[in-house]
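A.B. asks: heads up, no residue letters with this:
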């Protein structure tokens, strides 16, 4: 008999708004006898934070209850259990510093808002990068149906008056994680929405002079800046257009943004306009020495931009953000609206009154063959992800049956 489990959390919550009292309710779904005993996702902790552990025999994914953050992902057959995701708490501890639990780690969500807030928003309690990454999520549904595990988490964002729901699916034996999200407005008027997936990579996967970034982008721009840079120098000038990956340099003619800097001590931002000619675009980070690859496939109509946050401090507690988003840079929403568009592309999404908008991306993590040094193309066709290094004549094919 197929082992099937379903867990659905029910909750009723009253939300006071300018329109009166709204009752938000998630009701218990009707269960057929085939689903058997009710159960929930495995509970764990990560850096002293409550979390859920999902495993499909190939990947193990740790999802924090706070922010529904993807904090840790490993390959089941990797003896080192190396996660490519940024863990600033661990890095601080290893450096002999007092680690402080942070919601901003790994792959976290920036909803509704990406970057700094205005003084008025700050006074109202709206945090940097929006409310979602610091909110406590509740389990809306959990199911083990045949070989597919599904976990759905939800939270209410009281300041922006929105509901955010994240659904993660993993199929047994596969290297692919399917992620679908919904943002629902609780207000009766249309407004712009600001949304980023802040995928952040850290050491030891992020290795100086070794780890490389590839993406399906061409047009790009360095972030405009003035004055202080947290005490770290820039490698690139302010507000200059270029073709990915060869950016203009301040002290060198060009800076190849594929390459992780060999020496620490710099901080830079740049944004890439993703190729909108197809259904999917890709962003990957490859460590050829460790023969490990982390990547994402997403819809450029939902996320037209990918910001590179290259944070390489002298204490070597580095981070590289691959932040695919609705806007080019992490700046206050007023600046985004005043920009209106960049390089001929939109810089926000509309969230219509009392309506839900959706997004979908695939995350994959896999071993790579000896000699694979870069990624030229990633394609999703007929339930298969094909990853190519054409120069080295190397290829990886992953089953992605959940994405059919």
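C.D. replies: Arrived safely, thanks for sending. All values derive from a computational prediction rather than experimental measurement.
A.B. asks: Quick check: residue 352 touching residue 185?
C.D. replies: Yes. Look at residue 352 against residue 185 with Cβ atoms under 8 Å: they come within range, at 7.0 Å. C-betas here are computed from N, CA, C, even on glycine.
A.B. asks: Compare the two and say which one has the larger neighbour count.
C.D. replies: Shown here are residue 352 and residue 185; by other Cβ atoms under 10 Å, residue 185 has more neighbours (21 against 12).
A.B. asks: how about the nearest residue to the more buried one, chain neighbours excluded?
C.D. replies: Nearest non-adjacent residue to residue 185, counting by Cβ to Cβ, 6 or more residues apart in numbering: residue 351, 5.0 Å away.
A.B. asks: The one you found: what's it in contact with?
C.D. replies: Taking Cβ atoms under 8 Å, 6 or more residues apart in numbering, we find residue 351 in contact with 112, 162, 183, 185, 190-193, 357.
A.B. asks: Mind giving me the ChimeraX command for buried ones among those residues?
C.D. replies: Selection of buried members from these for ChimeraX, criterion 16 or more other Cβ atoms under 10 Å:
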select :112,162,183,185,191,192,193,357
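A.B. asks: Tell me the one of the contacts of residue 351 nearest residue 292?
C.D. replies: Nearest to residue 292 among the contacts of residue 351: residue 183, at 32.0 Å, using Cβ to Cβ.
A.B. asks: What separation is there between the closest one and residue 126?
C.D. replies: Relative to residue 126, residue 183 is positioned 16 Å away (Cβ to Cβ, to the nearest Å).
A.B. asks: In the stretch 151-300 of the chain, where is pLDDT below threshold?
C.D. replies: Applying pLDDT under 70 to the stretch 151-300 of the chain picks out residues 227-230.
A.B. asks: all strands of it, in order?
C.D. replies: For the stretch 151-300 of the chain, strands defined by DSSP state E, counting those that start in this stretch occupy the ranges 162-171, 176-185, 191-193, 195-201, 212-215, 217-222, 241-243, 246-248, 254-256, 266-274, 281-287, 292-298.
A.B. asks: Turn these into JSON lines, columns for distance to residue 385.
C.D. replies: Written out in JSON lines, the entries for these read as follows (distance: least, Cβ to Cβ, whole Å):
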{"stretch": "strand 162-171", "distance to residue 385": "13"}
{"stretch": "strand 176-185", "distance to residue 385": "7"}
{"stretch": "strand 191-193", "distance to residue 385": "28"}
{"stretch": "strand 195-201", "distance to residue 385": "17"}
{"stretch": "strand 212-215", "distance to residue 385": "14"}
{"stretch": "strand 217-222", "distance to residue 385": "19"}
{"stretch": "strand 241-243", "distance to residue 385": "26"}
{"stretch": "strand 246-248", "distance to residue 385": "27"}
{"stretch": "strand 254-256", "distance to residue 385": "26"}
{"stretch": "strand 266-274", "distance to residue 385": "17"}
{"stretch": "strand 281-287", "distance to residue 385": "9"}
{"stretch": "strand 292-298", "distance to residue 385": "7"}
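A.B. asks: For residue 321, find the nearest of those.
C.D. replies: With Cβ to Cβ as the measure, strand 195-201 is the member of the strands of the stretch 151-300 of the chain nearest residue 321 (4.8 Å).
A.B. asks: Give me the contacts around the closest one.
C.D. replies: By Cβ under 8 Å, 6+ apart, the surrounding residues in contact with strand 195-201 are 84-86, 104-112, 114, 129, 133, 183, 211, 283, 285, 294, 296, 298, 303, 307, 309, 319-327, 330, 349, 359, 361, 363.
A.B. asks: and the direction of the host helix or strand of residue 388 versus that of strand 292-298, what angle?
C.D. replies: For residue 388, the element it lies in under DSSP states H and E is strand 384-389. Following axes from the mean of the first three to the mean of the last three Cα atoms, to 10 degrees, one obtains 120 degrees for the angle between strand 384-389 and strand 292-298.
A.B. asks: And the average pLDDT for strand 384-389 is what?
C.D. replies: Here strand 384-389 scores 98 as its mean pLDDT.
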